[in-house]
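Trainee: take a look and give me a structure for this.
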Amino acid sequence: MLRNVVSILRVVLGLVLWPIARLRRKPCDVLRFTLKGSPPQLPRRRPFWDLRRAPMSIRTFERRLRRAIADDQLPCILVDIEHLETGWATLQTLHGLVAEARRKGKRVVAHLAEGGGLPEYYVACAAGEIWIGPSAALSLTGLSVEATYLAEALERTGLQGQVEAVGRYKTAGETLVRHEMTAENAEMLGEVLDELEGVVVEAVQETRPIGPSEARELIGRGPYVAGRAKELGLVDDTLYPDQIAQRLAPAGSGRSRILRWPGYARGRHRLETWPLGRKKLVVYEVRGVLVEGDGPGFKGVVGARDVVTQLRELRTDPRVAAVVLSVESRGGTVVASDQIRREVERLAEKKPVVAHVCDVAASGGYMIVAAAHQIVAQRTSLTGSIGVLAGKVSGHRLLERLGLHRQVVRRGRNASFASPAEPWTADERQAVRAMILAHYRGFIEAVARGRRLPPEQIERAAEGRVWTGGRALELGLVDLEGGLARAIEVARETSPDARRALVEARRPRVPLLPRRLVPRELAGALALAQVLESGTVLAIEPFELRIR
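Mentor: Model prediction:
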């Protein structure tokens, strides 16, 4: 109710002040955007005491860019690209938005003032022109995935890893028990890299005077200094930031009038979010590793209990016309994943549910999106990984080296099953194997039911294998190619109410204080520790794929 009142006041105030804004409107030759860091999918509200400027979300960038495209009096769009730290599906979304402006007739210039690597250059290739700082470098050094194998280190310290997995490609635990990558894992990751490389080569070809074989060679042979990048045709010019206004100046004028969005939008765009009589299209975001119960309160871990509660609220709320489930998760425990999947399934019985795969929705993350009516993913999204595993690290050798002697009184053959001091016995390992096989069959059946496909077809795409969104589309694991905007469009098509609905973002509640205090790198490690501590069967992607 309060949100509606605020929206109405904003619209009314905007209409009253519109004539004044029109009079104060500044002329604009160039609209300037900056893409940097890890832009969120949807706008994030900061607490009132946080005075930092909120990062521009992809949704905001999309809406602003499309309004600028529709402005016939705006000749040029300038996009500064700096240190992008996000996954390839998000990069593909940004690339597509910039390319849309170019294809619709705008002069689009990408500026790499500080140079960049393959992610930054891939987005820049969507523009008609690419400029780089004269002293910057273009670090096009190809694509790679790294994994650290811990078996020898564990052995040296007296620890022993034990893992049981279902699926030849379910390799999440191999880093604990092996010294090198399995052939299956190398095959899977190689195919992922081939797909991503193909996407980048296509992007380079589209706007650069470079053939496919040459492009494939150039994107892995860097780094290049700015001058060399220009000679090779990778960029169009080298410019310092202070030279841009003069270079973009219209004919007959000395300097161009460059504005950012707030200055440009004043007197040109009105708010059009009148809420009365309109239902809600809720974009529900799930970001992080999935665990049972409540989350621990830091970024990177999602508690199933909170997600289930909120999905139930959406199911029973008559104001909700449709739901877009936006997932960024490599999975977690089977119990948490299945609890959320069940609630998505129940939600889909009452309301249209469209799932959006962000950079990754794999293993348990894929389990929860499989219950939606339709799944949208970018060609470079990572998904699938239908498989399960269980494991533990035992320290009996370490205790012996330290001179610590444990004595245990047991009742039951497998009483030491969860003991961190004892390795699994043959009987315990057999019991684990039977358990994870049962979970694997349940995973296959749940996906087959959600995808409305025969279990045999799902099983052929399973065995723990990670697929790119492009391959998942061919296999029937995904329905449509696109980003969050495409998922929202699909959800709007489900009913007249959804077509007029206001988009509203929701996400699991996370305490703000711990989230601010825990660094991003530490949060990732704590998230994995939280999952391993659960001692249950896991449905998690092999490891956090950092493809650069």
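Trainee: my guess is A229 contacts D236. True?
Mentor: No: with contact defined as C-beta atoms under 8 Å, A229 does not count as touching D236 (9.8 Å). Just so you know, the C-beta spots here come from the backbone N, C-alpha and C atoms, and that holds for glycine as well.
Trainee: please, where are all the strands along the stretch 1-150 of the chain?
Mentor: Taking DSSP state E, counting those that start in this stretch as the criterion, the stretch 1-150 of the chain carries its strands at 30-37, 76-84, 107-112, 116-117, 129-132, 137-139.
Trainee: same question, the stretch 151-300 of the chain
Mentor: Using DSSP E, counting those that start in this stretch, strands in the stretch 151-300 of the chain cover 160-166, 224-225, 237-238, 258-259, 280-287, 289-291.
Trainee: I'd like to know which of those strands lies nearest to S381.
Mentor: Nearest to S381, of all these, is strand 280-287, at 14.4 Å by C-beta to C-beta.
Trainee: that older thread, mind putting the strands of the stretch 151-300 of the chain in JSON lines, mean neighbour count and distance to A505 included?
Mentor: What follows is those, written out as JSON lines (neighbours: other C-beta atoms under 10 Å; distance: least, C-beta to C-beta, whole Å):
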{"stretch": "strand 160-166", "mean neighbour count": "20", "distance to A505": "36"}
{"stretch": "strand 224-225", "mean neighbour count": "20", "distance to A505": "40"}
{"stretch": "strand 237-238", "mean neighbour count": "16", "distance to A505": "39"}
{"stretch": "strand 258-259", "mean neighbour count": "18", "distance to A505": "28"}
{"stretch": "strand 280-287", "mean neighbour count": "22", "distance to A505": "5"}
{"stretch": "strand 289-291", "mean neighbour count": "29", "distance to A505": "20"}
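Trainee: grab the nearest non-local neighbour of the residue sitting nearest the centre point of the chain.
Mentor: Geometric centre of the chain, nearest residue: D359, 3.0 Å, by C-alpha atoms, centre = their mean. Using C-beta to C-beta, 6 or more residues apart in numbering and skipping residues adjacent in sequence, the residue nearest D359 is G87, 2.6 Å away.
Trainee: again, but for A472
Mentor: A472 sits nearest to V478 (C-beta to C-beta, 6+ apart), 4.2 Å away.
Trainee: for L248, same thing?
Mentor: Excluding its sequence neighbours, the residue lying closest to L248 (C-beta to C-beta, 6+ apart) is S256, at 4.1 Å.
Trainee: the strands of the stretch 151-300 of the chain into JSON lines, with extra columns for mean pLDDT?
Mentor: Formatted as JSON lines, these follow (pLDDT from 0 to 100):
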{"stretch": "strand 160-166", "mean pLDDT": "85"}
{"stretch": "strand 224-225", "mean pLDDT": "96"}
{"stretch": "strand 237-238", "mean pLDDT": "96"}
{"stretch": "strand 258-259", "mean pLDDT": "93"}
{"stretch": "strand 280-287", "mean pLDDT": "95"}
{"stretch": "strand 289-291", "mean pLDDT": "90"}
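Trainee: quick one: which of those is nearest L404?
Mentor: Closest to L404 of the strands of the stretch 151-300 of the chain, according to C-beta to C-beta: strand 160-166, at 15.8 Å.
Trainee: what helices or strands is that closest one leaning on?
Mentor: With contacts defined as 3 or more C-beta pairs under 8 Å, 6 or more residues apart in numbering; DSSP states H and E, strand 160-166 has these neighbours: helix 151-157, helix 174-177, strand 388-394, helix 426-451.
Trainee: which one of these is the most hemmed in?
Mentor: strand 388-394 (a mean of 22; mean count of other C-beta atoms under 10 Å).
Trainee: what mean pLDDT does stretch 360-375 get?
Mentor: What stretch 360-375 shows for mean pLDDT is 96.
Trainee: what about that stretch, start to end distance?
Mentor: In stretch 360-375, first residue to last residue: 13 Å (C-alpha to C-alpha, to the nearest Å).
Trainee: for stretch 389-401, same thing?
Mentor: So stretch 389-401: terminal residues 30 Å apart, C-alpha to C-alpha.
Trainee: now that stretch, how far from the chain's geometric center?
Mentor: 34 Å (C-alpha atoms, centre = their mean, to the nearest Å).
Trainee: contacts for it, please.
Mentor: Under the contact criterion C-beta atoms under 8 Å, 6 or more residues apart in numbering, stretch 389-401 has outside partners 154, 157-166, 170, 172-173, 176-177, 405-406, 418-424, 432, 435-436, 464, 535-538, 540.
Trainee: rewinding a little: columns distance to R67 on top of the strands of the stretch 151-300 of the chain, output as TSV?
Mentor: Shown next, in TSV, are the strands of the stretch 151-300 of the chain (distance: least, C-beta to C-beta, whole Å):
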stretch	distance to R67
strand 160-166	49
strand 224-225	36
strand 237-238	28
strand 258-259	13
strand 280-287	20
strand 289-291	37
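Trainee: so where do the strands sit in the stretch 401-548 of the chain?
Mentor: Under DSSP E, counting those that start in this stretch, the stretch 401-548 of the chain gives strands at 466-468, 480-481, 502-506, 538-540.
Trainee: in stretch 63-80, what's buried?
Mentor: Neighbour counts over stretch 63-80 (16 or more other C-beta atoms under 10 Å) mark 64-65, 67-69, 74-80 as buried.
Trainee: so can I have a markdown table of those residues showing distance to P241 and pLDDT?
Mentor: As requested, these are exported to a markdown table (distance: C-beta to C-beta, whole Å; pLDDT from 0 to 100):
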| residue | distance to P241 | pLDDT |
| --- | --- | --- |
| R64 | 22 | 93 |
| L65 | 21 | 95 |
| R67 | 25 | 92 |
| A68 | 21 | 94 |
| I69 | 25 | 95 |
| L74 | 21 | 93 |
| P75 | 20 | 93 |
| C76 | 16 | 95 |
| I77 | 17 | 97 |
| L78 | 11 | 97 |
| V79 | 14 | 97 |
| D80 | 9 | 97 |
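Trainee: for the residues you listed, which one is nearest P212?
Mentor: Among the buried residues of stretch 63-80, V79 lies closest to P212 (C-beta to C-beta), at 25.2 Å.
Trainee: OK, contacts around the closest one?
Mentor: Here V79 is in contact with 32-35, 98, 108-111, 124, 127 (criterion: C-beta under 8 Å, 6+ apart).
Trainee: so what's the residue nearest to the centre of the chain up against?
Mentor: 86-90, 328, 381-382.
Trainee: are any of those buried, and which?
Mentor: Buried members of those, counted by 16+ other C-beta under 10 Å: 86-90, 328, 381-382.
Trainee: what's the burial count for L159?
Mentor: L159 has 18 neighbouring residues, counting by other C-beta atoms under 10 Å.
Trainee: ok, it to P55 distance?
Mentor: 41 Å (C-beta to C-beta, to the nearest Å).
Trainee: equivalent analysis for P420, please.
Mentor: P420 is 41 Å from P55, by C-beta to C-beta.
Trainee: residue ranges with poor pLDDT in the stretch 351-500 of the chain?
Mentor: By pLDDT under 70, the stretch 351-500 of the chain has no low-scoring segment.
Trainee: any chance of the contacts of D359 in JSON lines, plus distance to L138?
Mentor: JSON lines is the format used below for the contacts of D359 (distance: C-beta to C-beta, whole Å):
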{"residue": "T86", "distance to L138": "19"}
{"residue": "G87", "distance to L138": "21"}
{"residue": "W88", "distance to L138": "18"}
{"residue": "A89", "distance to L138": "23"}
{"residue": "T90", "distance to L138": "21"}
{"residue": "E328", "distance to L138": "29"}
{"residue": "S381", "distance to L138": "26"}
{"residue": "L382", "distance to L138": "26"}
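Trainee: inside helices: which ones of those?
Mentor: 88-90 (DSSP state H).
Trainee: which of these sits closest to G412?
Mentor: A89 (47.3 Å).
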